[in-house]
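Engineer: quick one, structure for this:
(2 chains)
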Amino acid sequence: KQEVTQIPAALSVPEGENLVLNCSFTDSAIYNLQWFRQDPGKGLTSLLLIQSSQREQTSGRLNASLDKSSGRSTLYIAASQPGDSATYLCETGANNLFFGTGTRLTVIP
Amino acid sequence: NAGVTQTPKFRILKIGQSMTLQCTQDMNHNYMYWYRQDPGMGLKLIYYSVGAGITDKGEVPNGYNVSRSTTEDFPLRLELAAPSQTSVYFCASSPRTSGKNIQYFGAGTRLSVL
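Structural biologist: Next up is the predicted model:
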């Protein structure tokens, strides 16, 4: 069974700082890996999707990387802003999909 | 475009009652999913469907049933509600074309079983 782990569980940074969120998975037989953002009491919004054949994807201040062989993905957020405060979740798998438990990010003004 | 719509938003059930959580999408996506999210946890996949008439179990299917008679709708049925089913339920859909699986989520249904 795929196991997805996200470290750290919570992170507080001052505004403007660059930061990295980590996601690790145990089974490399994946179709792709997706990063989501979840605001309190809300649904999930897809941020970036990396196909299994890709190494990274970029969208604005966000960059996600994927290393299938080591079972790791990182989400890099540049120049963090208070509006980035949310829980960030990664999800991966094949037909059956598995989420990590998330990293709760707080950006302090 | 409404995207993925879930109803109801909130529901309180008594132990042993049954209910259906509704999910519909207007993006003509093949794949649909049901997840549950317990407090402070990530999401766990309950059931998924790769197209009309086809469903399969996810990680935590016990106590739930699904059907997929149309591309648009993917209802989740709880037959005998138990306190352990108190959770927030999310429905999602994706086009699953060319290896891409960008998922679009509904706003969730908050269910309490008392």
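
Engineer: with adjacent residues omitted, what lies nearest to the closest residue to chain B within chain A?
Structural biologist: Nearest residue of chain A to chain B, counting by CB to the nearest CB: A:F99, 3.7 Å away. Using the backbone N, CA and C atoms, a C-beta is placed for each residue, glycine as well. Closest residue to A:F99 apart from its sequence neighbours, by CB to CB, 6 or more residues apart in numbering or on different chains: B:G42 at 3.7 Å.

Engineer: what's the one you found sitting at in phi/psi?
Structural biologist: phi -80, psi -180 (degrees, to the nearest 10).

Engineer: can you pull out the strands in chain B?
Structural biologist: Assigned by DSSP state E, the strands in chain B fall at B:4-7, B:10-13, B:19-25, B:31-37, B:43-51, B:54-57, B:64-66, B:76-78, B:87-94, B:104-105, B:109-113.

Engineer: so what touches the second one?
Structural biologist: The contact list for strand B:10-13, computed with CB atoms under 8 Å, 6 or more residues apart in numbering or on different chains, reads B:19, B:78, B:81, B:109-114.

Engineer: over to the third one?
Structural biologist: Outside strand B:19-25, the residues within contact range by CB under 8 Å, 6+ apart are B:3-8, B:11, B:13, B:32, B:34, B:72-78, B:81, B:89, B:91, B:93, B:104, B:106, B:109, B:111.

Engineer: and with 6 Å instead?
Structural biologist: With CB atoms under 6 Å, 6 or more residues apart in numbering or on different chains as the test, strand B:19-25 has contacts from B:4-7, B:13, B:72-78, B:89, B:91, B:93, B:109.

Engineer: check the fifth one too.
Structural biologist: By CB under 6 Å, 6+ apart, the list of residues contacting strand B:43-51 from outside reads A:97, A:99, B:30-37, B:55-56, B:58-61, B:64, B:66, B:68, B:74.

Engineer: do the same with stretch A:74-93
Structural biologist: So stretch A:74-93 is in contact with A:2, A:13, A:16-23, A:25, A:30, A:33-39, A:61-65, A:73, A:97, A:99-100, A:102-107, A:109, B:42, going by CB under 6 Å, 6+ apart.

Engineer: how long is that stretch end to end?
Structural biologist: 16 Å (CA to CA, to the nearest Å).

Engineer: from A:T103, how far off is the residue nearest to A:F99?
Structural biologist: The gap separating B:G42 from A:T103 is 11 Å, by CB to CB, to the nearest Å.

Engineer: follow-up on the earlier one: now do the contacts for the residue nearest to A:F99.
Structural biologist: A:89, A:99-102.

Engineer: how about the contacts made by A:N63?
Structural biologist: A:Y76.

Engineer: gap between the residue nearest to the spatial centre of chain B and B:I46?
Structural biologist: Geometric centre of chain B, nearest residue: B:W34, 2.8 Å, by CA atoms, centre = their mean. According to CB to CB, B:W34 stands 4 Å off from B:I46.

Engineer: and if you look at A:E56?
Structural biologist: Going from A:E56 to B:I46 by CB to CB gives 31 Å.
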